[in-house]
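1. based on what follows, work out the 3D shape:
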Amino acid sequence: MKSKYVMGIIAIAVALTLLSVGFVSAEGENGTGVPGSVEVPVDASTSVYGGVAWWENEFYGKKGWSTEIYTLTVVTEQTWFNIRIQDCCWYGDFYELWEVSPDIQFIGTTPEVETDAHHGSAAYPCKVGDPKHTGTGSVLSDGTFTVVKEIGVYKYRVRDPVFDKLAAEGYDPSDPMNPWSPAGFTIWFHFTTPAPELPIAVPLIVSLMVIALVPIKRKIWKD
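-> This is a model prediction of the structure:
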């Protein structure tokens, strides 16, 4: 009897471990801290990294790119993974995720955060806890993107489009008197697997239901 309980506990522990693989908690910015570009190899066993986006970084006709270029090596066909980006410290910043090699393609944008007008600018980012903040934004932008890749080497880069809004309103994001640039963020790479297709999932669910009903039937027959 005890062995059954032990096996059950082990099974639950294994399931929880599999669900949590790839997620590592981190906060704050811990990127390179300088404009330019540097490749950061993505290690499946160390899946969280810091990053810093600079208005001064220009690439593909746009400004505001991260110094860090995250390099992911895929060794298995049809590898699924999630990429999560979370803003660090200012209300208003949000981020674009791009694949920059072998092809350049836009992946997605984290949600924009409501800040209302501040210092005459609707795009003006505001430091967390800043008493001058008059907007309703109280959540840092946070988004997750699912990517499926074949065997190969892929590179990803992050961009802060709020700099575009500030520049369009006449602000200089790199002005040392109002240093909006750089913007810090944290990025996670979580290797995952797709949900089972319906033809596989249905028989599995039915089988589990049958197994669960057996003790109930036995009790009814006994009574």
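
2. just name the shakiest helix or strand of the chain by mean pLDDT.
-> Every helix and strand of the chain was ranked by mean pLDDT, DSSP states H and E. The lowest is helix 2-20, at a mean of 40.

3. check which element follows that one along the chain.
-> Per DSSP states H and E, helix 2-20 leads on to strand 38-41 as the next helix or strand towards the C-terminus.

4. per-residue pLDDT of the nearest residue to C88 once chain neighbours are set aside, please?
-> Nearest residue to C88 in three dimensions, chain neighbours excluded: G184, at 3.6 Å (C-beta to C-beta, 6 or more residues apart in numbering). C-beta coordinates here come from the backbone N, C-alpha and C atoms, glycine included. Per-residue confidence (pLDDT) for G184: 91.

5. in the sheet, who's paired with G184?
-> Applying DSSP bridges to G184 yields these beta-bridge partners: V52.

6. that one - how many residues pack around it?
-> G184: 20 surrounding residues under other C-beta atoms under 10 Å.

7. does it touch Y95 like I think?
-> No: look at G184 against Y95 with C-beta atoms under 8 Å: they stay out of range, at 10.6 Å.

8. overlap in contacts of those two?
-> A53, D87 (C-beta atoms under 8 Å, 6 or more residues apart in numbering).

9. for the helix or strand where T67 lies, output the C-alpha coordinates as CSV.
-> If you go by DSSP H and E, T67 is part of strand 65-74. The C-alpha trace of strand 65-74 is given here as CSV (Å, rounded to 0.1, in the frame of the first residue of the first chain):
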residue,chain,number,x,y,z
TRP,A,65,17.0,48.0,-30.4
SER,A,66,18.5,45.9,-27.6
THR,A,67,22.2,45.5,-27.4
GLU,A,68,21.7,41.8,-26.9
ILE,A,69,21.1,39.5,-29.8
TYR,A,70,19.8,36.2,-28.4
THR,A,71,21.2,33.2,-30.4
LEU,A,72,19.2,30.0,-30.2
THR,A,73,20.5,26.7,-31.6
VAL,A,74,17.7,24.2,-32.4
